[in-house]
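Trainee: the following block contains a protein sequence and its predicted model.
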Amino acid sequence: MLKRAFILTILAISATVGVQGQKAPAADPAAVKATAAYAEVLLRRTDIQADLLAFGQDYTDTNPKILDLKVELASLDRSTERLLTIKPAQIDRLTVALGKMMVRKAALGAELAHVERSYAKEHPEVKRAQKRAELFDSAINDVLK
């Protein structure tokens, strides 16, 4: 009987430790896709994809306009992935404002990439663009804490 109680205690402790060590599950993707933040990011992603299709026939892949759009699209793809990993308890934070911040951060990232292609990393324009992108990243992180 004592052996059985000991085994049950060990099992209960290991189950508790296992639950604490696991990450909280992500929210249902359908619920995230129904949020205003996701819609804002999706709208801009769609605009960029349409622009890339339109410009792709007239410009080469090395054209600065194409490069900027690709950088912005990659940033929006990362934002989309981030939204899809939100915990269910945080889904109410996915507001229009958050979506607009993510879109603006992606645009600033493209602007930063453009400036970095033109100037050295120590140039004031590069530093200014980095600060602006960092401010939006910080604000997004504050909302999603």
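Mentor: The structure has been received and is ready for your questions.
Trainee: please enumerate the helices of this protein.
Mentor: In the chain, the helices defined using DSSP state H lie at 2-21, 29-33, 36-56, 64-84, 96-118, 124-143.
Trainee: Q90: which of those helices is closest?
Mentor: Relative to Q90, the nearest member of the helices of the chain by Cβ to Cβ is helix 124-143, separated by 9.2 Å. To be clear about C-beta, it is placed using only N, CA and C from the backbone, and glycine gets the same treatment.
Trainee: in the closest one, what's buried?
Mentor: For helix 124-143, the buried set under the neighbour-count rule, 16 or more other Cβ atoms under 10 Å, comprises 126, 129, 132-133, 136, 139-140, 143.
Trainee: how about stretch 37-45?
Mentor: 37-38, 40-41, 44-45.
Trainee: what does stretch 47-64 give?
Mentor: If you call a residue buried by 16+ other Cβ under 10 Å, then stretch 47-64 has these buried ones: 48, 52.
Trainee: and the end-to-end length of that stretch?
Mentor: End-to-end distance of stretch 47-64: 17 Å, with Cα to Cα, to the nearest Å as the criterion.
Trainee: can you list contacts of it?
Mentor: 65-67, 69-70, 72-73, 76, 114, 117 (Cβ atoms under 8 Å, 6 or more residues apart in numbering).
Trainee: cool, thanks, talk later.
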